[in-house]
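1. from the sequence below, what's the structure:
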Amino acid sequence: MKKITELTFNNTYRQLPDEFYHIVNPKPFENPFLICINPEMVAEIELEILGFNEIELAQYLSGKKLIPGCDPIALYYTGHQFGIYNPHIGDGRAILLGEVVNSGGDKWDLHLKGAGTTNYSRGFDGRAVLRSTIREYLCSEAMHHLGIPTTRALSIVGSDEKVERETTETGAMLIRMAKSHVRFGSFEGFYFRGLEENIKILTDYVIENNYPDFINKDGKYKLLANETAKRTGTLIAKWQAFGFTHGVMNTDNMSIIGDTIDYGPYGFMETFKNDYAPNHSDHFGRYSYKNQPSIAFWNLNKHFQALSCLLTNEDIQEALGEFREAYAENYLSLMTGKFGFKSFVDGDKKFIDDTLELLEEYEIDFPIFFRELSNVTLDADVNTSLVNKTGTDWLDRYKARLRSENSDDLKRKESMNLVNPKYILRTYIAEQAIHEAVENGNYSEIENVRKLLMRPFDEQPENEKYANEPPKWAKGIALSCSS
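-> Coordinates of the predicted model:
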């Protein structure tokens, strides 16, 4: 374990040409203070925090003091936002402090969000607010413990600085950790500017740092395209199976390594609604739950277009095929497990689709339904309120499907409860933690929820209240990109 002043940095992105970033230092808060720090990510970078002065730790985690060895930069990228190319994006409110390497050789970017203006801020203040940092901190942890690839969060540092959003809020900073911050949009700016050499440099950089097995192989760019497509397909399948809706699937919010990145107006499905869109600015539902697979495909098309100097059209079509296959295979596998089937057979896809239609028709809570579904037994009446809502015809079909493979009630229940979470980050749970922090200065609920979400599939009787359907006041919570 090392003190924060002793971390080992290997700042590889800083070694790329100047066009890839803007050198900038964080704009510190006057009086930063530590709100929370994630013990799991502290362990990942082997950071020793016990006995460390908390005020000084907050200064290092907010950029008021620079950690020795870091080399702060704001990353350049562009992208398609709501389907329209925007050449002016980049890290407008975040700064890559540096890349920490642990004793096992694992490298983690330390990306400070809310660190002030950069060359890419477009006139905005470059700040984050406490509300948005709490939402990202909790959701990235929820996703990780559900088994969904994601960036993680190390810490939140608060302040008494006022920031103007929809209302006046309190500024905060979050350190996001990732194995890469390269996005689809990282290539697009160079493509539209005709800088093919930079595209090659960046592609080689990604291969060297994230896919080293490809370095000496023939067709390494094709291999990378296929891997990006497969990882993206797998990621979206997991989003759909767990009911997660990102809210802003712009190409600059798509990770080259297949992680979930940039938590803004996201939401986990509660009452099932196929066109659920948590972002109140998404007036036409472009990034709704049902559209996520097709939008991911669209985004990959744009990404591979940016790599067209390195890929043939045949390579691109093959990679897009890899996405389709990875998405379909993983989605059906995950849904097969959620229903408790031993394997996928002909007719299951229709049964899955029919079930989701019933959930929408009867306004049934998505996670609770699947958790209750494990209580179905073949030889007894169903004592689960939400399952009963689907009607006897559906239940007869379900039981017949289970009998066709000689399903065992106890074994099925055990397997289903390993893949159907009892606890998700419902919007109202996050809002309650935010309210306690913002209104009352009480940050303990953030840690309570983080610990809850570490064991989403466990019963946790002491936390039963977090498994309930949302209260009436939480049904219509609207989220914006500043979330």
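2. the spatially most distant residue from the centre of the chain in helix, strand or coil?
-> Most distant from the centre of the chain: residue 379, at 40.8 Å, with distances by CA atoms, centre = their mean. Secondary structure for residue 379, judged by DSSP: H, G, I helix; E, B strand; the rest coil, is coil.
3. same thing with residue 235?
-> helix.
4. is it true that it touches residue 146?
-> No. Judged on CB atoms under 8 Å, residue 235 makes no contact with residue 146 at a distance of 12.0 Å. Just so you know, the C-beta spots here come from the backbone N, C-alpha and C atoms, and that holds for glycine as well.
5. looking at those two, which is more packed in?
-> residue 235 (26 against 21; other CB atoms under 10 Å).
6. which residues of the stretch 151-300 of the chain fall in helices?
-> Taking DSSP state H, counting those that start in this stretch to define them, one finds helices in the stretch 151-300 of the chain at 185-192, 196-210, 220-242, 292-306.
7. nearest to residue 368, of those?
-> helix 220-242 (13.5 Å; CB to CB).
8. gap between that closest one and the chain center?
-> Computed by CA atoms, centre = their mean, to the nearest Å, the chain-centroid distance of helix 220-242 equals 14 Å.
9. and it, what does it pack onto?
-> Contacts defined by 3 or more CB pairs under 8 Å, 6 or more residues apart in numbering; DSSP states H and E place helix 220-242 against helix 196-210, helix 292-306, helix 313-339.
10. mean pLDDT and distance to residue 24 added to those, as CSV?
-> Shown next, in CSV, are these (pLDDT from 0 to 100; distance: least, CB to CB, whole Å):
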stretch, mean pLDDT, distance to residue 24
helix 196-210, 98, 20
helix 292-306, 98, 25
helix 313-339, 98, 35
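11. now distance to residue 263 and mean neighbour count too, for the ones you listed, in a markdown table please.
-> Below are the helices and strands packed on helix 220-242 laid out as a markdown table (distance: least, CB to CB, whole Å; neighbours: other CB atoms under 10 Å):
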| stretch | distance to residue 263 | mean neighbour count |
| --- | --- | --- |
| helix 196-210 | 21 | 18 |
| helix 292-306 | 15 | 19 |
| helix 313-339 | 21 | 17 |
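12. make JSON lines from these and add distance to residue 261 to it.
-> Shown next, in JSON lines, are those (distance: least, CB to CB, whole Å):
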{"stretch": "helix 196-210", "distance to residue 261": "14"}
{"stretch": "helix 292-306", "distance to residue 261": "12"}
{"stretch": "helix 313-339", "distance to residue 261": "18"}
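13. coming back round to it: ok, which of the helices of the stretch 151-300 of the chain comes nearest residue 386?
-> Here helix 220-242 is closest among those (CB to CB), at 17.4 Å.
14. count of residues packed around residue 64?
-> Residues near residue 64, counting by other CB under 10 Å: 19.
15. just give the closest residue to it, not the sequence neighbours.
-> residue 28 (3.6 Å; CB to CB, 6 or more residues apart in numbering).
16. pretty sure residue 207 contacts residue 222?
-> No. Residue 207 is beyond contact range of residue 222, at 11.4 Å (criterion: CB under 8 Å).
17. contacts for stretch 201-213, please.
-> 12-13, 16-17, 20, 107, 179-180, 182, 186-187, 190, 214-215, 220-221, 223-224, 227, 256-257, 307, 310 (CB atoms under 8 Å, 6 or more residues apart in numbering).
18. repeat that for 10 Å
-> Stretch 201-213 is contacted by residues 10, 12-13, 15-17, 19-20, 77, 99, 107, 179-180, 182, 186-187, 190, 195, 214-215, 217, 220-221, 223-225, 227-228, 256-257, 306-307, 309-311 when judged by CB atoms under 10 Å, 6 or more residues apart in numbering.
19. is it true that residue 116 touches residue 64?
-> No. Residue 116 lies out of contact with residue 64 (CB atoms under 10 Å); the separation is 11.2 Å.
20. what about stretch 216-223, average pLDDT?
-> Computed over stretch 216-223, the mean pLDDT rounds to 97.
21. and it, how far from the chain's centre?
-> Remark: stretch 216-223 is offset 28 Å from the chain centroid, using CA atoms, centre = their mean.
22. just stretch 271-289 next, same as before
-> That offset, for stretch 271-289, works out to 17 Å (CA atoms, centre = their mean).
23. start to end distance for it?
-> Stretch 271-289 has an end-to-end distance of 12 Å (CA to CA, to the nearest Å).
24. so which residues of this protein form strands?
-> 21-23, 33-37, 73-75, 79-81, 84-86, 94-101, 107-113, 128-129, 152-164, 168-178, 244-245, 267-268 (DSSP state E).
25. these: which one's closest to residue 138?
-> Residue 138 sits nearest to strand 152-164 of all these, at 8.5 Å, using CB to CB.
26. residue 229: what's it in contact with?
-> So residue 229 contacts 258, 296-297, 300, 303-304, 316, 318-327 (CB under 10 Å, 6+ apart).
27. just want the most central residue of this protein.
-> Short answer for the chain (CA atoms, centre = their mean): residue 260, at 3.2 Å.
28. that residue touches residue 148, doesn't it?
-> Yes. Proximity of residue 260 to residue 148 meets the contact threshold set by CB under 10 Å, at 6.2 Å.
29. thinking again about what came up before, contacting residues for the residue nearest to residue 64?
-> By CB under 10 Å, 6+ apart, the neighbours of residue 28 are 59, 62-66, 115-116, 157, 159, 161, 173.
30. if we can go back for a sec, need the pLDDT of the nearest residue to the residue nearest to the centre of the chain once chain neighbours are set aside.
-> Spatial nearest neighbour of residue 260, chain neighbours left out: residue 150 (4.2 Å); criterion: CB to CB, 6+ apart. We have a pLDDT of 98 for residue 150.
31. ok so, going back, ok, of the contacts of stretch 201-213, which come out buried?
-> Listed as buried from those are 13, 16, 20, 77, 99, 107, 179-180, 182, 186-187, 190, 195, 214, 220-221, 223-225, 227-228, 256-257, 306-307, 310-311; burial here means 16 or more other CB atoms under 10 Å.
32. can you pull out the low-pLDDT segments for the stretch 101-250 of the chain?
-> Residue ranges of the stretch 101-250 of the chain with pLDDT under 70: none are present.
33. if we can go back for a sec, joint contacts of residue 235 and residue 146?
-> residue 244.
34. any idea how far the closest residue to residue 290 other than its chain neighbours lies from residue 240?
-> Excluding the flanking residues, the one nearest residue 290 by CB to CB, 6+ apart is residue 274, at 4.4 Å. Distance of residue 274 to residue 240, computed by CB to CB, to the nearest Å: 11 Å.
35. so for those two, which residue has more residues nearby?
-> residue 240 (20 against 14).
36. from residue 294, how far off is that one?
-> 12 Å.
37. got it, and residue 380?
-> Taking CB to CB, one finds residue 380 at 41 Å from residue 294.
38. show me what contacts the closest residue to residue 459 other than its chain neighbours?
-> Closest residue to residue 459 apart from its sequence neighbours, by CB to CB, 6+ apart: residue 422 at 6.6 Å. Residues near residue 422 by CB under 10 Å, 6+ apart: 367-368, 370-371, 452, 455-460, 463-464, 466-467.
39. what does residue 453 give?
-> Counted by CB under 10 Å, 6+ apart, residue 453 has contacts 138-146, 421, 423-425, 429, 466.
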